[in-house]
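*Asks:* sequence and predicted structure, then a few things I'm wondering about:
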Amino acid sequence: MQPFDYVVPKSHAEASALLVEGAGIVRPLMGGTDLLIRMRGGFVRPERVIDLKGLPGMCDIRPGEQGWLVVGAACTMNQVALHPLVQQHYDLLAQACNAVASYQLRNRATVGGNICNASPAADTAPALYCLDALLEICGPGGARRAPIAEFFLGPGKTALRPGEFLTAIHLPPAPTDACGVFSKLGRTKIGDISMVSAAVLVDYGLPIADFGFTETRTSHTRQSTIRHVRITLGAVGPTPLRATEAEAALALDPSPEGVKRAADLAAAAARPIDDIRASAAYRRAMVAVLVRRGIEAALAPSSSVLRPASAGGAA
Amino acid sequence: MSHTIALTVNGERYRLDVAAHHTLLQVLREQLVLTGTKNGCEAGECGACAVLITWPGAERAEPVNSCMVLAPEADGAEIVTIEGLIHDDQLDPLQQAFLATGATQCGFCTPGIVVNARALLDRNPDPTETEIREALVGNLCRCTGYIRIIEAVKMAARVGREVVG
């Protein structure tokens, strides 16, 4: 690697002042799993690398106000995926974190870094879109919050302004009976970068009286009470994409025909390109498959038994 | 730019001047001449450079690719490399199992796999084959086809459980 200075800022203000010089001169460091590779390849040649991990709260996961959960931007994938509150209420995010690379890389890679690199294939992004995450951003003007859907602007492009960096990911209380499913396709079964990914979150909104009859509950009973659907696609557009028409279709008609229709609408919403990992046509076709399977798994009668998220209330 | 860092490697404490743009892998191999840890892809893909690291304040050691850690980031950390798995001149049960099952051919990937498998067995003493395969997905071996490696991890897990039991 080309020589650079390594700087550990002592405060958010200092970090912001250092980063304001811009990407040509400084680079923020979280887990380094993308930055180190780019520096080694000579694709980026910063004079200074600013390690943000040591700032207060960056590596913490803590309950916020009114049932929210606050995940520090520099929390590693393993830290997030193994956290009891994440497992209990945001299993969809745990699944997405666990889908990234390998165990030892997930000990370095951070959720915040995954978002800030703004790769269309970022695995945590579709999950965070479905969970309506709010991003907390620190900059020269102080702190601000932005919905994740406004953060991704294009491949490698985010809404971060000069001197700004991501400090935390705020998750609203999980829907009470939500079941989320993240699925991805890489060139290998596990460990590879996604060529297509899909996150599906379905909240049945079942009346409380229905609990205790899980085994006898027919799929019709369950399907008739869907009240919240989120479907987000990864690696098939310049940013992660919400498939809102597919969401609306599923909410109206969760029958097997409706599920297929929602999957087809999701495929229609994809804007894939041909690249080294897959063709656009293959990606579009696989969106329909992943979304259909995701919805089916989320609607399966057993999923409320298997997934802790559906057993408890909000965070 | 040079930084002075303090770290523990295989039980020995060191105070080292390191370059900001060097990695923990370079420090281990070039400054401490612990060449058991291998330099494969330098991109976090192959796992040949895996070491165990206990970060300051952390409760347990976790495997990381040492090519993905900048040298100054390792300040205050406790590192165990493949050389550190030997205790009282005795090989780790995993190392013995690799020998017994013939899980090594050219040997280049072996240190990373043994270190990563050690971490697996420390957090999960009785892993299923699927769990072993998932844990080792970031360790590439171009010789063996993995079957004997997985057998070796299973054997070491059995031995470990017998010793504990």
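*Replies:* Nice, thanks for sending it over.

*Asks:* what parts of chain B come near chain A?
*Replies:* Contact residues, chain B versus chain A (C-beta under 8 Å from any C-beta of the partner chain): B:1, B:3, B:19-23, B:42-44, B:47, B:50, B:62-65, B:67-70, B:72-73, B:116, B:119-120, B:134-135, B:137-139. All C-beta atoms are positioned from the backbone trio N, CA, C, and that covers glycine.

*Asks:* show me where chain B has helices.
*Replies:* In chain B, the segments counted as helices under DSSP state H are B:24-26, B:93-101, B:110-123, B:129-135, B:147-164.

*Asks:* mean pLDDT, distance to residue A:246 and mean neighbour count added to the ones you listed, as a markdown table?
*Replies:* Output for the helices of chain B, formatted as a markdown table (pLDDT from 0 to 100; distance: least, C-beta to C-beta, whole Å; neighbours: other C-beta atoms under 10 Å in any protein chain shown):
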| stretch | mean pLDDT | distance to residue A:246 | mean neighbour count |
| --- | --- | --- | --- |
| helix B:24-26 | 98 | 45 | 24 |
| helix B:93-101 | 97 | 48 | 20 |
| helix B:110-123 | 98 | 39 | 24 |
| helix B:129-135 | 97 | 31 | 16 |
| helix B:147-164 | 93 | 40 | 18 |
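
*Asks:* and those helices as CSV, adding distance to residue A:170?
*Replies:* Output for the helices of chain B, formatted as CSV (distance: least, C-beta to C-beta, whole Å):
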stretch, distance to residue A:170
helix B:24-26, 33
helix B:93-101, 42
helix B:110-123, 30
helix B:129-135, 30
helix B:147-164, 40
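
*Asks:* domains in chain A, as residue ranges please.
*Replies:* A:5-171, A:178-310 (automatic domain parsing).

*Asks:* which strand residues bridge the residue nearest to residue A:116 when sequence neighbours are not counted?
*Replies:* Once flanking residues are discounted, residue A:116 sits nearest to residue A:166: 5.5 Å by C-beta to C-beta, 6 or more residues apart in numbering or on different chains. With DSSP bridges as the criterion, residue A:166 is bridged to residue A:137.

*Asks:* buried ones among the residues of chain B next to chain A?
*Replies:* Buried members of these, counted by 16 or more other C-beta atoms under 10 Å in any protein chain shown: B:3, B:19-23, B:42, B:44, B:47, B:50, B:62-65, B:67-70, B:72-73, B:116, B:119-120, B:134-135, B:137-139.

*Asks:* in strands only, show me the residues you listed.
*Replies:* B:3, B:19, B:50, B:62, B:63, B:64, B:65 (DSSP state E).

*Asks:* give me phi/psi at the nearest residue to the fourth one once chain neighbours are set aside?
*Replies:* Right, the one you point to is residue B:62. What sits nearest to residue B:62 in space, not counting adjacent residues and going by C-beta to C-beta, 6+ apart, is residue A:107, at 4.8 Å. For residue A:107, the backbone dihedrals (degrees, to the nearest 10) come out as phi -80, psi -10.

*Asks:* quick one: stretch A:128-136 to chain centroid distance?
*Replies:* 8 Å (C-alpha atoms, centre = their mean, to the nearest Å).

*Asks:* pull the residues that contact it.
*Replies:* A:70, A:90, A:92-93, A:96, A:115, A:143-149, A:151, A:166-172, A:174, A:180, A:199-201, A:230-232, A:240, A:242 (C-beta atoms under 8 Å, 6 or more residues apart in numbering or on different chains).

*Asks:* again, but for stretch A:54-66
*Replies:* Contacts of stretch A:54-66 (C-beta under 8 Å, 6+ apart): A:8-9, A:11-12, A:15, A:52-53, A:69-75, A:79-80, A:83, A:85-86, A:112, A:167-168, A:170, A:173, A:315.

*Asks:* can you give me the first-to-last residue distance of that stretch?
*Replies:* 27 Å (C-alpha to C-alpha, to the nearest Å).

*Asks:* from residue A:44, how far off is residue B:60?
*Replies:* 33 Å (C-beta to C-beta, to the nearest Å).

*Asks:* residue B:14 is nearest to which of the domains of chain A?
*Replies:* Nearest to residue B:14 among those is domain A:5-171; the distance by C-beta to C-beta comes to 18.4 Å.

*Asks:* surely residue A:251 is within a helix?
*Replies:* Yes: per DSSP: H, G, I helix; E, B strand; the rest coil, residue A:251 lies within a helix segment.

*Asks:* ok, residue A:25 - contacts?
*Replies:* Contacts of residue A:25 by C-beta under 8 Å, 6+ apart are A:46, A:47, A:48.

*Asks:* what is the nearest of the residues you listed to chain B?
*Replies:* When the contacts of residue A:25 are compared for distance to chain B (C-beta to the nearest C-beta), residue A:48 comes out closest, at 9.0 Å.

*Asks:* give me the number of residues near that closest one?
*Replies:* 17 (other C-beta atoms under 10 Å in any protein chain shown).

*Asks:* hmm, residue A:4 and it touching each other?
*Replies:* Yes: Residue A:48 is within contact range of residue A:4, at 6.1 Å (criterion: C-beta atoms under 8 Å).

*Asks:* skipping adjacent residues, who's closest to residue A:280 in space?
*Replies:* Nearest one to residue A:280, counting by C-beta to C-beta, 6+ apart, is residue A:272 at 4.2 Å.

*Asks:* how far away is the one you found from residue A:186?
*Replies:* 15 Å.

*Asks:* between the two, which one's more packed in?
*Replies:* Legend: neighbour count by other C-beta under 10 Å for residue A:272 and residue A:186, higher for residue A:272 (24 against 20).

*Asks:* what sits against the nearest residue to residue B:42 once chain neighbours are set aside?
*Replies:* Computed as C-beta to C-beta, 6+ apart, the closest residue to residue B:42 that is not its neighbour in sequence is residue B:67, at 4.8 Å. Going by C-beta under 8 Å, 6+ apart, residue B:67 touches A:36, B:23, B:24, B:25, B:39, B:41, B:42, B:43, B:44, B:49.

*Asks:* mind redoing it with 6 Å?
*Replies:* By C-beta atoms under 6 Å, 6 or more residues apart in numbering or on different chains, the contact list for residue B:67 reads B:23, B:25, B:42, B:49.

*Asks:* isn't the residue nearest to residue A:280 right up against residue A:284?
*Replies:* Yes: if you go by C-beta atoms under 6 Å, residue A:272 and residue A:284 touch, sitting 5.5 Å apart.

*Asks:* burial check on residue B:58, number of neighbours?
*Replies:* Count around residue B:58 with other C-beta under 10 Å applied: 11.

*Asks:* from residue A:94, how far off is the most centrally placed residue in chain B?
*Replies:* Nearest to the geometric centre of chain B sits residue B:115, at 2.9 Å (C-alpha atoms, centre = their mean). The gap separating residue B:115 from residue A:94 is 25 Å, by C-beta to C-beta.

*Asks:* ditto for residue A:176
*Replies:* 18 Å.

*Asks:* and residue A:108, what helix or strand is that in?
*Replies:* For residue A:108, there is no host helix or strand (DSSP states H and E).

*Asks:* would TSV of the contacts of residue A:25 with distance to residue B:11, pLDDT and secondary structure be doable?
*Replies:* Formatted as TSV, the contacts of residue A:25 follow (distance: C-beta to C-beta, whole Å; pLDDT from 0 to 100; DSSP: H, G, I helix; E, B strand; the rest coil):
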residue	distance to residue B:11	pLDDT	secondary structure
A:46	35	97	coil
A:47	37	98	coil
A:48	34	98	strand
